[in-house]
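# what's the 3D shape of this:
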Amino acid sequence: MRILFIHQNFPGQYKHIAAALVARGDEVTALCVENNPAPAGVQVFRYTPKRGNTPNVHPWIQDTETKVIRGEACFLAAKQLHDQGYVPDIICAHPGWGEALFIKEVWPQVPLLSHFEFYYHPHGADVGFDPEFPSSENDAPRLMAKNLANLMNLEQCDAGVSPTAWQKSTHPASFQHKIRVIHEGVDTHTIRPAADTTINLDGGIALRPGDEVVTFVNRNQEPYRGCHSFIRAIPEIQRRRPQARIVIVGGDGVSYGSQPPAGTTWKAHFLKELGDRIDGSRVHFVGTIPYNAFIGLLQVSACHVYLTNPFVLSWSMLEAMSAGCLVIGSRTQPVEEVITQGENGLLVDFFSPSEIAEQVTQALTSPGDFTAIRQRARQTIVDHYDLKRICLPQHLATIDELAARNR
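So this is what the prediction gives:
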């Protein structure tokens, strides 16, 4: 069978799926922009947008124009493949950057399976959630325009996949019948508790399971993922647990939401707010780290704090649970879909540094009280999100079903 993947940052969410298809003997091709390492056996074709955004384009339509530009580039690259005689049996596309907008004009009869992460809402989701960063009067019409490409993708696809039920629920009800809930999956064999793990920080500091290690992980440290609430909790955590070491993973950029004040980063902005109330010698900002080091850090973690706006659920939270972490998560819809308070994790108010500090302090003071919760956290991932036994077979079965329906 011939499978074509379209993802500007391939392999992205398709890393394990593409590798599994190659392993079973399928012909796998990818169209993408970025020059990332691809799974062995995948033939990759890269394309480049032909132009940038129009100067002074209306701000409400800028995102749509960007996606049309990318969609045009992908369309032209796909047309070249078509003209060379290539016809896939199924197309798997992440439409978030616009690449799939015109792909049905190249292969109108080929099934299109799209990966839908999030549908934007001016109310009731991420926008306006945090009163510290209020929405503007222009946000509603801007987001309505931002969904134009999403609506085109929903209309054109033959079927869709969303990682979680809450993420599926953000899409219009009239299209939800097309979308199946299948998570990308967690490699629970690799990401598991390990009592013999040691993590070495700069300065000769070695961290091991049983140490008072508090972890906080995000691609970038920003308010969307609660860095402000967590950083504001640090002084109280340090006051009550003077031996605790806090390890924070992530870059200084912005993945989502507003930019920090000019000339600074969100991390620096909130650290400056707290001044000398934080003992910097016991807070370790390690930036972005290799994946193996990230897993090792989870394995030595006494508790892992994960905070998020109502938005796409991060892989890191599920990976932390798979590693047997005691996850202290925000009481927001994406987290509550996975974590039940006191059963397989703890939930706190996203906006309450004092509540975050209290839960972290309890976890460090009486770690034995939370052993069963840590065990159930891992079991949740094994039972519902395991890559090889559950999620990957579901993805492959969906691909086979759509391709067979077309044949």
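
# so His284, which of the three states?
strand (DSSP: H, G, I helix; E, B strand; the rest coil).

# doesn't Leu201 make contact with it?
Yes - His284 is in contact with Leu201 according to C-beta atoms under 8 Å; the separation is 5.5 Å. From N, CA and C alone the C-beta is placed, and that goes for glycine too.

# now for the two: what residues contact both?
Arg245, Val247 (C-beta atoms under 8 Å, 6 or more residues apart in numbering).

# neighbour count for the two, which is higher?
Legend: neighbour count by other C-beta atoms under 10 Å for His284 and Leu201, higher for His284 (18 against 13).

# now that one: how far from Asn218?
15 Å (C-beta to C-beta, to the nearest Å).

# ok, which stretches of this structure are helices?
15-23, 62-83, 139-146, 148-156, 165-169, 227-240, 266-274, 291-300, 315-322, 333-336, 353-365, 371-384, 392-406 (DSSP state H).

# so which of those helices is the most packed in?
Stretch with highest mean neighbour count among the helices of the chain: helix 315-322 (a mean of 25; mean count of other C-beta atoms under 10 Å).

# which residues are contacting that helix?
The contact list for helix 315-322, computed with C-beta under 8 Å, 6+ apart, reads 183-184, 186-188, 191-192, 215, 217-218, 294-295, 298, 301, 304, 306, 327, 329, 335, 338-339, 344-345, 377-378, 380-382, 385.

# and stretch 13-24, by the same measure?
Residues from elsewhere that reach stretch 13-24 (C-beta under 8 Å, 6+ apart): 1, 3, 5, 7, 11, 28, 30, 38-42, 92, 94, 115, 184-185, 387, 392, 395-396, 399.

# do stretch 364-374 as well
Contacts for stretch 364-374 (C-beta under 8 Å, 6+ apart): 193, 210, 212, 214, 241, 244, 302-303, 324-326, 342-346, 362-363.

# name only those of the contacts of stretch 13-24 that count as buried.
Among the contacts of stretch 13-24, those classed as buried by 16 or more other C-beta atoms under 10 Å are 1, 3, 5, 7, 11, 28, 30, 38-39, 42, 92, 94, 115, 184-185, 387, 392, 395, 399.

# and Arg376, what is it in contact with?
Glu343, Asn344.

# any idea how far Pro209 is from it?
From Arg376 to Pro209 the distance is 18 Å (C-beta to C-beta).

# tell me where the stretch 51-200 of the chain has strands.
Counting by DSSP state E, counting those that start in this stretch, the stretch 51-200 of the chain has strands at residues 90-93, 112-115, 159-162, 179-181, 199-201.

# make TSV out of those and add mean pLDDT and distance to Arg405.
Below are those laid out as TSV (pLDDT from 0 to 100; distance: least, C-beta to C-beta, whole Å):
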stretch	mean pLDDT	distance to Arg405
strand 90-93	98	9
strand 112-115	97	11
strand 159-162	97	9
strand 179-181	98	14
strand 199-201	92	48
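
# quick revisit: and the helices of the chain, which one's lowest on average pLDDT?
When these are ranked by mean pLDDT, helix 139-146 comes last with a mean of 86.

# ok so, going back, and of the helices of the chain, who's closest to Gly124?
Comparing the helices of the chain by their distance to Gly124 (C-beta to C-beta), the top pick is helix 333-336, with 9.7 Å.

# make a ChimeraX selection of the buried ones in the contacts of stretch 364-374.
Selecting the buried subset of the contacts of stretch 364-374 in ChimeraX, with 16+ other C-beta under 10 Å as the burial test, is done by:
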select :212,214,241,244,302,303,324,325,326,344,345,346,362,363
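
# just the ones of the contacts of stretch 364-374 in strands?
If you go by DSSP state E, the contacts of stretch 364-374 have Val214, Cys303, Leu346 in strands.

# any idea how far Val339 lies from Phe129?
Slight slip there: residue 339 is Ile, not Val. For Ile339, the distance to Phe129 equals 18 Å [C-beta to C-beta].

# do Thr340 as well
Thr340 is 22 Å from Phe129, where distance means C-beta to C-beta.

# can you check Asn153 too?
According to C-beta to C-beta, Asn153 and Phe129 sit 25 Å apart.

# my guess is Ser330 contacts Gly345, does it?
No - Ser330 lies out of contact with Gly345 (C-beta under 8 Å); the separation is 10.9 Å.

# middle-most residue in this structure, spatially?
Geometric centre of the chain, nearest residue: Ser314, 3.7 Å, by C-alpha atoms, centre = their mean.
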